[in-house]
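1. next come a sequence and a model predicted from it.
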Amino acid sequence: MSERIPKGAVVLLAALLLCAPPFYLDAFWLRIGLFSMAAAIGAVGLGLLTGTAGQLSLGHAFFLAVGAYGYTWLAGEPGPGLPTGLAALLAVLLAGAAGGLFSPVAGRVRGIYLGVATLALVFLGHHVLLTADSVTGGFNGRSVPPLSIGGFSFTDDDPGLVLLGVPFGAEERLWFLGLALLAGTWWTARGLLRGRPGRALAALRDSETAAAVMGVDIARHRSAAFVVSSMYAGLAGVLLALAFRRVVPDYFGLALSVDYLAMIVIGGLGSVAGAAAGAVFVTALPLLMTRYADQLPLVTAPGTTDGGVGPTEAARYLYGAAIVLILLYAPDGLRGLVRRVRTRLRPAPPAPAPATRPSASALRTKEPTP
Amino acid sequence: MSLRPTTGTTPGRLPAAPPPLRVRDVTVRFAGLTALDEVSFTVAPGSVHALIGPNGAGKSTCFNVLSGLYRPSSGQVLLGDETLTGRAPHRIAALGVARTFQNIVTTEGTVADNLMVGRHVLSRAGFASTALRLPRAVREQRAHLARAREIAELTGLAARFDTPVALLSYGDRKRVELARALCLEPRVLLLDEPVAGMNGAERARTAEVIDTVRAELGLSVLLVEHDMGLVMRLADEVTVLDFGRRIAHGTPDEVRRHPEVLRAYLGTPGEDAPGEDVPGEDTPARDAGTRGTTAQGTTAQGTTAQGTTAQGTALEEATDSEGDPV
Ligand SMILES: Nc1ncnc2c1ncn2[C@@H]1O[C@H](COP(=O)(O)OP(=O)(O)OP(=O)(O)O)[C@@H](O)[C@H]1O
Ligand SMILES: [Mg+2]
């Protein structure tokens, strides 16, 4: 993509920039960053399922919950009390297994129908979270045991750590954990998309029949995509739990699933970078609006009841509007927008001009009319 | 550029003579309509077999049966000793049967992306090894990409290898489908109207490609095409369908002279076999242009040698005059 600047330099620069915030920003901003990173991981997973495989899921919140609660229970007091690192790993696998249990449905049901089918998961999950008190802590939820790997704990109470004159508390430490997990997500997801499975998924999204006659086992790939997407959601859930330090059932409702769909639509379907960008937008916006509610017109501070719009609702309206705008003017999301700006800024390369422009109708022939 | 997969670097199918493809008494019914009526034919190993007939004759339906998309009500399809009927499409593909579609069906992305989908059955890498970019998966992908590039060269797409398919000309996109099918290293290649909508030069190029791969790779080709010139030039054998029934069979020359064929293509009033349901204007799938009683149809009744060549051209014109099949 970048013609003059080598790719390695871009990655290095991005890595440096992303490592800087803990040294300059306070806990509030770091938490926004953490939530954004967790959301980005989940959104990449959903992007793989919805953007690449063309399978709608409204059950993403369920798998986030499996990851978050799975970790909390596995590492926690009522529960096996496993080493936290192991608990985190098992929580991700648990989310994958939950996705696998759903695969008879996920492999057979296509497109928006899967969206309807997964709706049930969210309600079921929420109900279980509320009622299975001994595991989930019921309505009040549970506090999340802090992660510690090899004697290094991601908490405040270990006072010794000061880096470059900055005391490293939980947020600072988790920031780097989040970065590492996000980098891993990015790397694996891009590998998948550019490899054999990603191509097969894109092919079955664009035409099930064409993919099948190319030898793609449709049902198997659909369920595998669902499992992989659930695992990313599980990982996001673990990170979210660590960042929140408490898990509560009400967070993992349908609204959360919809938020994730919003992220991938805003970012641009089928792209890892787009999903991450959309995740930051959708996550950070309500938090920022809450913080600056008193300075924004028409938005009332949280807790006041004078009939104005609360910051969270205002944020929802805003990103609702963003979705409408994007669907109207930039159907390929932020990713497409960036690409278009970039091609416009760059002097036109000697493009391999097609002999004849394909007609719009032939451009996207979805299903063969056999 | 080599036509055969470079052994050692590319895992592929062994270049062995393809088994015969036998279609036996295949019947397909759609609510009240018999699209194929006990159709039988055999594609001999390494031959080009053309399947022709007017619009709605059932050619594409036959392809859909062969590739496992439709289950016939009765009848059987055999590739060598393997029964294809009842198998899922992806299993049929794994046996070495590749096809193209009448209307172009490509995936978003570059030509390379599309061709790599064609390499799917020949590669192994799963979700885990690809996500973790294990050396095995990376190596495999590189080898298959190299082979895909060879096939792009063979089909004249090398210069477009990294171009998004959406930016290609119609003829090029049609060729992407052909190249993608070839990427399966098939033993049997099913081509549904591979040159429809192409201009003369593109047609010649595609015909050349079909000829070359048949000769060099020794695969069998089943060809559906309305371009009679192309059919006559490429085909070893021709099967003619009309209203789902096989009405003629033989070498291109035999078929060209066959009275039933002329009648099916041109429509000859008064000559129809008694009791047979004659296509009327009310049959929706037929377009009146290819069926109607035309002046050509009347002259086609002549039986002199001259008449026969005239019929040949008329046949070609009649079939070429139809619209874009997409
Ligand atoms: N899925 C389907 N459901 C119902 N009818 C169908 C279906 N597929 C094909 N048909 C009908 O079966 C008949 C044969 O169609 P088919 O597409 O095989 O014709 P064809 O020989 O390929 O014609 P063309 O030259 O126009 O491509 C037509 O009358 C068509 O309308
Ligand atoms: Mg057809």
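-> The structure has been received and is ready for your questions. Ligands and ions are numbered 1, 2, ... in the order given.
2. pick out the residue of the stretch 151-300 of chain B closest to chain A.
-> Evaluated by C-beta to the nearest C-beta, the stretch 151-300 of chain B has residue B:169 as its residue closest to chain A, separated by 4.3 Å. Yep, even glycine has a C-beta here, placed from its N, CA and C like the rest.
3. if I look at that residue, how far off is residue B:197?
-> The spacing between residue B:169 and residue B:197, counted by C-beta to C-beta, to the nearest Å, is 10 Å.
4. so whatever residue of the stretch 51-200 of chain A ends up closest to ligand 1: helix, strand or coil?
-> For the stretch 51-200 of chain A, the nearest residue to ligand 1 under the criterion C-beta to the nearest ligand atom is residue A:110, separated by 17.6 Å. With DSSP: H, G, I helix; E, B strand; the rest coil as the basis, residue A:110 sits in coil.
5. is the helix or strand containing residue A:335 up against chain B anywhere?
-> Following DSSP states H and E, the helix or strand that holds residue A:335 is helix A:333-345. No: counting by C-beta under 8 Å from any C-beta of the partner chain, no contacts exist between helix A:333-345 and chain B, the nearest distance being 11.8 Å.
6. indicate whether whichever strand or helix holds residue A:202 makes contact with chain B.
-> Secondary-structure element containing residue A:202, defined by DSSP H and E: helix A:196-206. Yes: between helix A:196-206 and chain B, judged by C-beta under 8 Å from any C-beta, the touching residues are A:196, A:197, A:198, A:199, A:200, A:202, A:203, A:206.
7. average pLDDT across the lengthiest helix in chain B?
-> With secondary structure taken from DSSP state H, chain B has its longest helix at helix B:135-154. When pLDDT is averaged over helix B:135-154, the result is 92.
8. that helix packs against which elements?
-> The contact analysis (3 or more C-beta pairs under 8 Å, 6 or more residues apart in numbering or on different chains; DSSP states H and E) places helix B:135-154 against helix A:196-206, helix B:111-118, helix B:127-131, helix B:170-182, helix B:200-217.
9. that one: which residues count as buried?
-> Buried residues in helix B:135-154, counted by 16 or more other C-beta atoms under 10 Å in any protein chain shown: B:137, B:140-141, B:143-145, B:147-152, B:154.
10. same check, this time on stretch B:210-228
-> Under the neighbour-count criterion of 16+ other C-beta under 10 Å, stretch B:210-228 has B:210, B:213-214, B:217, B:219-228 buried.
11. next, the distance between the ends of it.
-> From its first residue to its last, stretch B:210-228 covers 15 Å (C-alpha to C-alpha, to the nearest Å).
12. any idea how far that stretch is from the chain center?
-> From the chain centre to the centre of stretch B:210-228 is a distance of 9 Å (C-alpha atoms, centre = their mean, to the nearest Å).
13. returning to what we had before: ligand 1 is nearest to which of the helices and strands packed on helix B:135-154?
-> Taking C-beta to the nearest ligand atom as the criterion, helix B:170-182 is the member of these that comes nearest to ligand 1, at 14.7 Å.
14. now do the closest one, average pLDDT.
-> Averaged across helix B:170-182, the pLDDT comes to 92.
15. surely residue B:132 touches residue A:188?
-> Yes: shown here, residue B:132 and residue A:188 form a contact pair, counting by C-beta atoms under 8 Å, at 6.6 Å.
16. can I get the helices and strands packed on helix B:135-154 in TSV including distance to residue A:267?
-> Shown next, in TSV, are those (distance: least, C-beta to C-beta, whole Å):
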stretch	distance to residue A:267
helix A:196-206	17
helix B:111-118	21
helix B:127-131	20
helix B:170-182	29
helix B:200-217	39
